[in-house]
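In: I'll drop the sequence and a predicted model, then ask my questions.
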Amino acid sequence: MNGLLKQAATNIRKFTIGALLAIGLVNVSALANESEIDNVIILPTSLSEISEGSISLERSLAFAIGEALMDIGIMPLTPDFLSIPPLETIGRTEFLALLKRTATQQPGRLLAVKTDLLLTTKSEMHPTPAASVIDIGTGRLVARTSTLPLLALDDRLEIEASATALVRALAQQLEQNGYVLSETTRKPWGVRATDYRIAIEGFDMCERRGLLATMENEFPGFLSVELVKAPNPTFAVYVYRSTATAQRLQKWLEQLMISLRIAPSASSRILANEKSIRVQKDRAHKIYTSMCDG
């Protein structure tokens, strides 16, 4: 009898362990599916949707958005390698069907980025760059943003700065909505959490709040920011904690200055070393934004 009870107990134990292992494997599989990287594709723009004069600008903006995505560790899919023909050769319905078919062939969700130049009668000479993201699987609009109008349509740095601002805002919206855009272990801008001493000079209080809001809400790797001192209205020092490298922070700040219409060589300077960044602006040069009307 004791032998039978021991054998039964052994069988029950083996069954229980096997069941737990099976459940564990199922959970691991589920977690693996949940952690799959979602794929991003930049949609080509149909020439029929844009005016002849903005073709070059539209394509330059789309190219710059691809660069900005890669800069923060998001590697977009290339339509040229997905058997997707040019929009001009097929209808919209067929094109959407191709995208949905592509979405089913990818391990993660497929997100399509569409760029736009917002034009009005008054701003025809200064279009506003904008971008939207559609989840191909559900057809839902999951992110949308715009930036400041372009003043110089042939200025490569201004186009790159606009693209960077769009991508930062889109990435934040997508992450808030639960999309996984890159593997945290492979972020090219990432290091261990670092406390940077950031001095902001020549910015009034409103301009400083706008600068810090962008660094908090849009710069990848942000953790916290604390005021150290502000001895006068146009000078303040902060401790900015981030997992981004100093080199990346300097690059993003330079692009932010360009997007705010402050040429780095004329009206502003950014000096940086391993753990210290100094942002200087000519006090006579005002920043015009919705937050600060100058």
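Out: That came in fine, so what should we check first? Numbers count the residues shown, from 1 in each chain.

In: assess the claim that T147 and S259 are in contact.
Out: Yes: judged on Cβ atoms under 8 Å, T147 makes contact with S259 at a distance of 6.5 Å. In short, each C-beta sits where N, CA and C put it, glycine included.

In: between those two, which has more neighbouring residues?
Out: Each of T147 and S259 has its neighbours counted (other Cβ atoms under 10 Å); S259 has more, 22 against 18.

In: break the protein into its domains for me.
Out: 39-184, 189-281 (automatic domain parsing).

In: as TSV, those with mean pLDDT and distance to I287 would be great.
Out: As requested, these are exported to TSV (pLDDT from 0 to 100; distance: least, Cβ to Cβ, whole Å):
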stretch	mean pLDDT	distance to I287
domain 39-184	82	10
domain 189-281	90	5
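
In: turn these into CSV, columns for distance to T289.
Out: What follows is the domains of the chain, written out as CSV (distance: least, Cβ to Cβ, whole Å):
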stretch, distance to T289
domain 39-184, 8
domain 189-281, 6
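
In: quick check: F95 is in a strand.
Out: No: F95: not assigned to a strand; according to DSSP: H, G, I helix; E, B strand; the rest coil it is helix.

In: hmm, D204 and F235 touching each other?
Out: No: counting by Cβ under 8 Å, D204 is not a contact partner of F235; they are 10.5 Å apart.

In: just give the nearest non-adjacent residue to E158, would you?
Out: The shortest distance from E158 to any residue other than its chain neighbours is 5.4 Å, reached at A152 (Cβ to Cβ, 6 or more residues apart in numbering).

In: neighbouring contacts of the helix or strand containing L157?
Out: According to DSSP states H and E, L157 maps onto helix 156-176. Helix 156-176 is contacted from outside by 38, 57, 60-61, 64-65, 67-69, 71-72, 74, 111, 113, 115, 129-131, 133, 142-148, 150-152, 181, 217-220, 252, 255-256, 258-259, using Cβ atoms under 8 Å, 6 or more residues apart in numbering.

In: just the buried ones from these, in PyMOL syntax?
Out: Here is the PyMOL selection string for the buried members of these, based on 16 or more other Cβ atoms under 10 Å:
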select buried, resi 38+57+60+61+64+65+68+69+71+72+74+111+113+115+129+130+131+133+142+143+144+145+146+147+148+150+181+218+219+220+252+255+256+258+259
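
In: now, which of the contacts of helix 156-176 lie within strands?
Out: Those of these mapping onto strands are 111, 113, 115, 129-131, 133, 142-146, per DSSP state E.

In: right, I'll call it a day here.
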